[in-house]
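[1] Build the 3D model from these lines:
(chains A and B)
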Amino acid sequence: MDEMIDNGFPLTTEPNILRDMIAPPNIVSKMLSVVTGNSSNVSNTLPANSYLDFLLFSGGVLVKCEIFGVVEVNSHLSGIPDLTLSFANPSILNDVQFHPCVRFRPWESEQILSFVPPDGQFKLMTYRVKKLRNTPIYVKPQLSSESGTCRLSVMAGIRYDPGKPIDSIVVQFQLPPCVSSANLTANHGTVNILADKTCSWSIGRIPRNKAPQMSGTLVLEEGLKQLDVKPTFQVGFKIMGTALSGLKIGKLDLKNLPSPAHKGFRAQTDAGHYEVRS
Amino acid sequence: MFTQFGSTAENFSKASTMVFRIGTDAHLYDDPDDVSISPLLDSKFDSEKCEALKRLLALIAQGLDVSNYFPQKRSLLMPLCYLIDVQVVKNVASQSLEVKKLVYLYLLHYAERQRDLGDPNPLVRAWALRTMAGIRLHVISPLVLVAVRKCARDPSVYVRKCAANALPKVHDLRLEENATAIIEIIGILLYDNSPGVVGAAAAAFASVCPNNLPLIGRNYTRLCEILPDVEEWGQIILIGILLRYVIARQGLAKESIMLSLCPEDVSHDKSGSDFDTNSLEMNKTYEMSSGIQEHELAAMVSRSYLEGPDKYLSHSTNADVMSSELDSSRFTSSKSDDDMKILLQCTSPLLWSRNSAVVLAAAGVHWIMAPRKDIAKIVKPLLFLLRSSDASKYVVLCNIQVFAKVMPSLFTPHYEDFFINSSDAYQVKALKLEILSSIATDASISVIFQEFQDYVSDPDRRFAADTVAAIGLCAKRNPQVANTCLEGLLALTSPKSVNSTSGSTDDEAVVLVQAITSIKDIIKQDPSSHDKAIIYLAQNLDAIKVPVARAMIVWIVGEYNSIGNIIPKMVSVILRYLARSFPSESIETKHQILNAAVKVLLSSKGEDFHTARSILSYVLELAKFDLNYDVRDRARILRKLLSCFYVSSSGLEEESSQKSENNELPLLLAEHVFGEKITSSEMVNNRFYLPGSLSQIVLHAAPGYEPLPEPCSLTELDIIEGMKISEEGPTQVGSYEVDNSDVDSGSLNEEGSYSYDSEDSITSSRGTDNTNEGAAREADNTDSLINFSDVGKAQKEIEVSEENDFHGELMSKGALESWLDDNPSSSQNVPEMDNERSSSARISIADISKRIRPKTHMLLDPAYGNGLRVVYKYSSKASTISSSLVSVEVSFENCSSEPISKLFLTDEDSGMSSESLDQTSPTDESSLQSEKEVPTLVPMEEITVLEPGQTTNRIIQVRFHHHLLPLKLVLWCNGKKNPVKLRPDIGYFIKPLPMDIDLFSHKESQLPGMFEYTRRCSFTDHLTELTDDKDGDGSSIKDSFLVICESLASKMLSNANVYLVSVNMPVAANLNDASGLCLRFSSEILSTSIPCLISVKLDGKCFEPLNASVKINCEETVFGLNLLNRIVNFLAEPAVTS
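    Numbers count the residues shown, from 1 in each chain, chains lettered A, B, ... in the order given. Purely as a prediction, here's the structure:
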């Protein structure tokens, strides 16, 4: 903390540098330094590419769909390596933000990322891709209310196959404050209603043979005939091994390296603000 | 923080103690108080004190209170100050109690890390500096400043950065005398090569002297270029500074939005753009949201950017006048202006920064300076920021809101980005709604409206109400969708929805009220086309229970009672219904019922008029006895106003005339009540602040808010001045030395005088002086110790050498030696320079005896001494009384026309009584020796009479005891005393010690190391003679060497009582190269007879000033150094042209 702020003015905020400057006073850090010291000899680099999708649904119609992506780099290279990363399809990028180590000039002229990576893991770049018109899964909520009770059924399924399995699907929603009690069951996965009236239905992986469905009744408070407010369903999922944005890494060149480095790449998609309005 | 750290540290250290116990202090954390600390602190061993201190630190780290140790401060501080070699501590040690406490704390925290600012580890240096700067005491601020100044030239980037960070802290102490120095250091640091340092310096600049824009002047381009490399936080500040500078220097950009300040250009600028048609269209339908207003808004924004809050308040009354004041000369084109172009160019990559504040700052620059068509660049990065955390999202949205208001066209294609997430915070949602409603266009309104419909059913009713308000705003801006909006809004007010929510909270009421307000606004735009809505509302009046909503509906009914065909017929029914329910209505509704009744009455005719009148009188009657005084008062006023209706209802003529007269009043009244409400919502924020500033978020001038500087307020002159300042930067950075004596002493000297031009030279010259003196003093100290033990040995040597003493004069001795010399004229064939003497040396000796002109000094000027002129010169003759006395030849000359009698010189003290003269005259040596350490004068014999024009010489003998201060003497003359001063010359505190070259080199080898001191100077005396020679006959090489040797030797011998041992010439003597020429002199100190050897080596060309390096070997270090200085001084003095 002392190193980070001096007299109210930020001094050093780069976490990697901070870690260098102040070794945490414990035995673990000592062990760590030994390990990293070894690996720096091995000198490998591993750019990971993960994505967060940002989607909005309304009544079955896709209102907005965009992708917010992050290119993360985990580098343990010795010396002062100079890396150049180029994309196969940079044109799909709507907008970008860079880590300070990225040189602006090459990006302006050729859309190439040229940078000298700091040690450790860091976000090299964040980007946005717009104009997507499809989402891998769908969630269809239905609400019908009559005389103090409300019938809710939510269907979920795969809209199109992204090529890789979709993992850890979770549908979450906040029960409206006027709901006094709820009784919800699902034919696949588990339903939990938390104390703060958050209902979460964790599906996991969608089975092939049947479409998962959650249904049940919501009992409204006294005096209410029907539910006039509609909850918003938030969907979470994870797809390993593919990037929905379609951004492809062209190649990664390494310069100034004393020894050949190991290059790795992996992609992942997470649901960001994936919301479905009923 | 410390507690946390302490506990974790404790845990870990406990675990690791077993392993790492040896070599660390970790065990101290285990049980710091296992040993009683107090005795340790009082211990006389440093190590134990250290131990105790470490234990105290450990206690602090674990969050324990150690204040019970504070009473021991006094005993603590002294050893501490001794232990820790920090200037600060030394200086404040004796101050007040509080100071001690602070120092103590400071020491406790940093004693381990703090050794010195000169630590080899830059981290430690930086820590030391930060700690010093952290002590907020006026007493030590000069020291801190010195430290900062030193660190500003540190080779380590991190230390320089910390120096920049320390400046605001020093500045905070508000010491006026430091201000200039601080600014100067900032100037240096801004010129630094490292981006990190520049960033910190920018921060210091912003907090210390944000208006000192000339400082930026010369560096501007460089700062712009370095901008992308500066660390993020520095970037933000630097961008702000650069923007201010450009505005102050170049004025505003012609193509930017700031241009709208110029009214005459506005229309010109607008024509031709698609923006224009859009605005015209809007202009036709609704004035308030039209392009004109947009322009006014832009003008207002730019004006408020330029004006401070105070100025704004004073100008707010005549804002229009203000705008015309700004003439176009203050604008410049960003295309033609390089400064602007550079700044825009350098900030545009920053729009990609990952730090949202940087992006915002860069966007702000573009917003203010970029041409209108290029502003679009900032849109995408700004929208990207919406993906960041809630707090920054809010800030960004606040700024986007302003941008969107001024230039909706920027954001219209991106309306999707402002769609609301359920996870957004309420404030963010509200802002997004506002932005959405301001950027909605014909193309996007349907999509946006669809979204709004979803929002209305949001569980958060407050948000739903805001949505309803936004719908109203949208309908206002886009009249085409007004009907759709109205339908949706009416649906909200329908009995069904109202009923279903009637049981729930007040939140629903908020939505309903907002819906009706929006409806009211929409109707107001075009009442005639919305009569159905009015009817619908009136029909639902029964179902709507919320008082505010009811009041509003009543107002609508009353206001538009004559619109269309159906409403006038309905009105009486509604009124009747209202009159019946009047007692049960809320106050607000009662007011509106009264108003509505009056309005209906005024606009009705015939049959309806009578109905209306009866209803009104009934209502007024009810109101008269209302519980609320407000209602009663209103009823009374209305009754008074409308009294004519009751009095003269029969006379139709009169009635109509009065009606038209009174028509205005109630309408105006009603208008006033509601009109105010509407306008107030429009005028909520008509004040804008710089994008990205805190003030823009809180919508009032936050402390520290500074508007942009006056355009073009910075003149060329200021810039030049700024350059002077910044020019200093590189030179000073270059002269960094690890040894701090130079910098320290220099900076201390500078503090008083602040003139940039002379300062540098002062610094360097004084710096070197001080270093030398310091070194001399140091050597002095060490030497005195050693000398003490060596005395015996030294004296033996002297006894040996004293054999030669009887040979008296230098000159005769020299001549004798020259005769003894074997090889008279073989200067060209000298085989070895070390032990062979050149012939030129001998010749020069012979000549020199004539050339020696001991310098004469004035003792008494005739002007002060009644025409008596007394001069003295040091004589090389040895004293007749004692070898330790210096003979001074004093010559008295009577310049006056009258004889002067009774002339004699005495000491200041002894001369008090003239009769004591006789007793002291035959002073023997023993009595003189008894008065030690005080310079004494052997009184001279009296000159009884000095005739006019007569000159008499006397030799006085003085014992100086190596005192170099002027000796105060009294000159008695005619019975009066004149105080005079005799300036001692160290050159005559010695006497010649004849020896040959072998003995010289032998003795020289005996006095190595610290007994040997060298200084360099330049020697120019020979030049005049050489040029004279040239004019006469073409002198040979030999001659020129000869001349040099002669002039040097004569100079030496004229100023010091030394013996010329030898003159050596290099073997390979080049034509003009005097390098290697070496003269040796020997002497011994009068009082102690310690030998003192002087050798002068020359270097350089014959016809140029020579570099003389003077070396003295002498056991008496202090004396030797003083003598060395004296020799160097007189050698460097230009020759007296005789």
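[2] From now on I want contacts and neighbour counts done on CA atoms only, so please keep to that.
    Fine.
[3] for the closest residue to chain B within chain A, helix, strand, or coil?
    With C-alpha to the nearest C-alpha as the measure, A:Gln97 is the residue of chain A nearest to chain B, at 4.3 Å. Under DSSP: H, G, I helix; E, B strand; the rest coil, A:Gln97 falls in the strand class.
[4] Around the closest residue to it other than its chain neighbours, how many other residues sit close by?
    Using C-alpha to C-alpha, 6 or more residues apart in numbering or on different chains and skipping residues adjacent in sequence, the residue nearest A:Gln97 is B:Trp352, 4.3 Å away. Applying other C-alpha atoms under 10 Å in any protein chain shown, we find 27 other residues in the vicinity of B:Trp352.
[5] which residues does B:Trp352 contact?
    B:Trp352 sits next to A:96-98, B:359, B:381 when contact means C-alpha atoms under 8 Å, 6 or more residues apart in numbering or on different chains.
[6] any idea how far it is from B:Asp229?
    For B:Trp352, the distance to B:Asp229 equals 13 Å [C-alpha to C-alpha, to the nearest Å].
[7] swap in A:Thr198?
    Here the criterion is C-alpha to C-alpha. By it, A:Thr198 lies 46 Å from B:Asp229.
[8] Compare those two (neighbour count), which wins?
    Legend: neighbour count by other C-alpha under 10 Å for A:Thr198 and B:Asp229, higher for B:Asp229 (19 against 14).
[9] Spit out the contact partners of the nearest residue to the more buried one once chain neighbours are set aside.
    Nearest residue to B:Asp229, sequence neighbours excluded (C-alpha to C-alpha, 6+ apart): B:Pro195, at 5.8 Å. Counting by C-alpha under 8 Å, 6+ apart, B:Pro195 touches B:226-227, B:229-231.
[10] what does the model give B:Pro195 for pLDDT?
    For B:Pro195, the pLDDT comes out at 79.
[11] Pull out the buried residues from stretch B:586-602.
    Residues of stretch B:586-602 classed as buried by neighbour count (16 or more other C-alpha atoms under 10 Å in any protein chain shown): B:587-602.
[12] what do you get for stretch B:442-454?
    Neighbour counts over stretch B:442-454 (16+ other C-alpha under 10 Å) mark B:444-445, B:448-449, B:451-454 as buried.
[13] and what of stretch A:152-159?
    The neighbour-count check on stretch A:152-159 (16+ other C-alpha under 10 Å) flags A:152-154, A:156-158 as buried.
[14] Can you pick out the most distant pair from those residues?
    Largest separation among the buried residues of stretch A:152-159 by C-alpha to C-alpha: A:Leu152 and A:Ile158, giving 20.4 Å.
[15] Can you name the residue of chain B nearest chain A?
    Closest residue of chain B to chain A, C-alpha to the nearest C-alpha: B:Trp352 (4.3 Å).
[16] Now do stretch B:1017-1033, average pLDDT.
    On average, stretch B:1017-1033 scores 65.
[17] same question but for stretch A:165-185, I mixed them up
    80.
[18] Show residues contacting that stretch.
    Residues outside stretch A:165-185 that contact it (C-alpha under 8 Å, 6+ apart) are A:191, A:197-206, A:214-221, A:227, A:229-240, B:459.
[19] Stretch B:1123-1132 too?
    Stretch B:1123-1132 has contacts (C-alpha under 8 Å, 6+ apart) with B:986-987, B:1013-1020, B:1048, B:1051-1052, B:1055, B:1110-1112.
[20] Output it as CSV, restricted to C-alpha atoms.
    Output in CSV follows, covering the C-alpha atoms of stretch B:1123-1132 (Å, rounded to 0.1, in the frame of the first residue of the first chain):
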residue,chain,number,x,y,z
LEU,B,1123,50.8,28.4,1.7
LEU,B,1124,49.7,26.5,-1.3
ASN,B,1125,46.6,28.6,-1.6
ARG,B,1126,48.7,31.7,-1.3
ILE,B,1127,51.1,30.6,-4.0
VAL,B,1128,48.4,29.6,-6.3
ASN,B,1129,46.7,33.0,-5.7
PHE,B,1130,49.7,35.1,-6.5
LEU,B,1131,50.8,32.9,-9.4
ALA,B,1132,47.4,33.3,-11.0
